[in-house]
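Visitor: What would the 3D arrangement of this be:
(one chain, ligands or ions: 1)
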Amino acid sequence: MPSMPASRRSVALKTDMTTDQAFAPEATAAVYRAIAERRDMRHFSGGTVPPEVLLRLLQAAHQGPSVGFMQPWRFLRITDAALRQRLFEVVEHERVLTARALGQREDEFMCLKVHGVLDAAELLVVALAEGREAHVFGRRTLPQMDLASTACAIQNLWLAARAEGLGMGWVSLFDPAEVARLLGMPAGAEPVALLCLGPVAEFYAEPMLQRERWARRAPLSTVLFDNQWGQPVQGLGDVDAQ
Ligand SMILES: Cc1cc2nc3c(=O)[nH]c(=O)nc-3n(C[C@H](O)[C@H](O)[C@H](O)COP(=O)(O)O)c2cc1C
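Guide: You can find the predicted model right below:
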């Protein structure tokens, strides 16, 4: 098994209640542990997800925040094997097109495992509902907040799945029009994620794309500024310390 990530060790040691509204230290540490050990998973070990667990995960997703409380997400559970096979083909088609679009990195990309659509115990499709234009609160200048809200729901599911010991992979390699057609979505609805969910033999100790040297997590100091874009943050100590 991979060793405990540094971020989890430090949380376990440093957790301290700073307000009387905080969870107990071990509960707080569990939240940070789920965040640190959540991984995008593409290797699954078969098995099943018990219905009561799947329901808990979907309830966690549905508790996500949403702009104007619009709850734009819709979840479709794929239980039809032939339909899953069709979705697999749609993803594989896009995988090849993506590789071509990458140019120089085409071969490198084709060596990566970028989904577990056929291997995961469960396949869920997450879509934006139709009729979103009626929701203006928080979206008049930023209409994409519907997608942001749906991503929050997916992240809830992802973290809860990690806590339940289940892996999840977010797949966005597909033609949305084709997925919408396959799943009988109404005009205006838009699929945004295929979620591969299920038991895994082990969780990657670090992002798989980092392990495969595709990309690395950027140091926090390079994405965190004081007041003005590009101005290094002050007063938080060594922000890149693990
Ligand atoms: C919106 C979104 C779409 C993603 N789509 C894919 C995908 O199509 N295929 C894939 O292999 N990973 C996909 N990922 C997973 C990322 O590659 C992964 O989150 C990143 O490499 C960091 O790894 P980690 O999630 O394990 O920390 C997606 C992640 C997000 C947030």
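
Visitor: From now on I want contacts and neighbour counts done on CA atoms only, so please keep to that.
Guide: Fine.

Visitor: Contact residues of the protein facing the ligand?
Guide: 39-40, 114-115, 170-173, 207, 209 (C-alpha under 6 Å from any ligand atom).

Visitor: The longest helix along the chain: how far from the chain's middle?
Guide: Ranked by residue count and defined by DSSP state H, the top helix of the chain is helix 81-101. In terms of C-alpha atoms, centre = their mean, to the nearest Å, the gap separating the centre of helix 81-101 from the centre of its chain is 19 Å.

Visitor: please begin residue numbering at 466 from this point
Guide: With 466 as the first residue, the last one maps to helix 546-566.

Visitor: what's in contact with it?
Guide: 543, 570-572, 574-575, 582-583, 588, 638-640, 643-644, 647 (C-alpha atoms under 8 Å, 6 or more residues apart in numbering).

Visitor: out of the residues you listed, who has the most neighbours?
Guide: Among those, residue 582 has the most neighbours (other C-alpha atoms under 10 Å), with 27 neighbours.

Visitor: Distance of it relative to the ligand?
Guide: Residue 582 is 10 Å from the ligand, where distance means C-alpha to the nearest ligand atom, to the nearest Å.

Visitor: Quick check, that residue in contact with residue 661.
Guide: Yes. Using C-alpha atoms under 8 Å, residue 582 is in contact with residue 661, at 5.8 Å.

Visitor: Identify the contacts common to these two.
Guide: Common neighbours of residue 582 and residue 661 (C-alpha under 8 Å, 6+ apart) are residue 588.

Visitor: now residue 553: how far from residue 519?
Guide: Relative to residue 519, residue 553 is positioned 21 Å away (C-alpha to C-alpha, to the nearest Å).

Visitor: Between the contacts of helix 546-566, which sits nearest residue 617?
Guide: When the contacts of helix 546-566 are compared for distance to residue 617 (C-alpha to C-alpha), residue 588 wins out at 18.6 Å.

Visitor: Tell me what that closest one is bridged to.
Guide: residue 543, residue 661 (DSSP bridges).

Visitor: Check the spacing between it and the ligand real quick.
Guide: For residue 588, the distance to the ligand - C-alpha to the nearest ligand atom - is 14 Å.

Visitor: Grab the two from the contacts of helix 546-566 that are most spread out in space.
Guide: Largest pairwise distance in the contacts of helix 546-566, by C-alpha to C-alpha, is 32.4 Å, between 543 and 570.

Visitor: Verify the stated contact: residue 666 with residue 509.
Guide: Yes. Contact criterion C-alpha under 8 Å: residue 666 and residue 509 qualify, at 6.9 Å.

Visitor: When those two are compared, which one has more neighbours?
Guide: The neighbour comparison of residue 666 against residue 509 (other C-alpha under 10 Å) goes to residue 509, with 25 against 13.

Visitor: wouldn't the more buried one be in contact with residue 634 here?
Guide: No. Judged on C-alpha under 8 Å, residue 509 makes no contact with residue 634 at a distance of 9.7 Å.

Visitor: Show me whatever sits in contact with both of those two.
Guide: residue 581.

Visitor: Which SSE is immediately downstream of the worst-scoring helix or strand of the chain on mean pLDDT?
Guide: Least confident helix or strand of the chain, by mean pLDDT, DSSP states H and E, is helix 471-479 with a mean of 50. The first helix or strand that comes after helix 471-479 along the chain, using DSSP states H and E, is helix 490-502.

Visitor: pLDDT weak spots in the protein?
Guide: By pLDDT under 70, the low-scoring segments of the chain are 466-482.

Visitor: Now with 50, please.
Guide: Scanning the chain for pLDDT under 50 picks out 466-468, 471, 474-475, 478.

Visitor: which residues in it form strands?
Guide: 538-543, 587-593, 631-636, 655-664 (DSSP state E).
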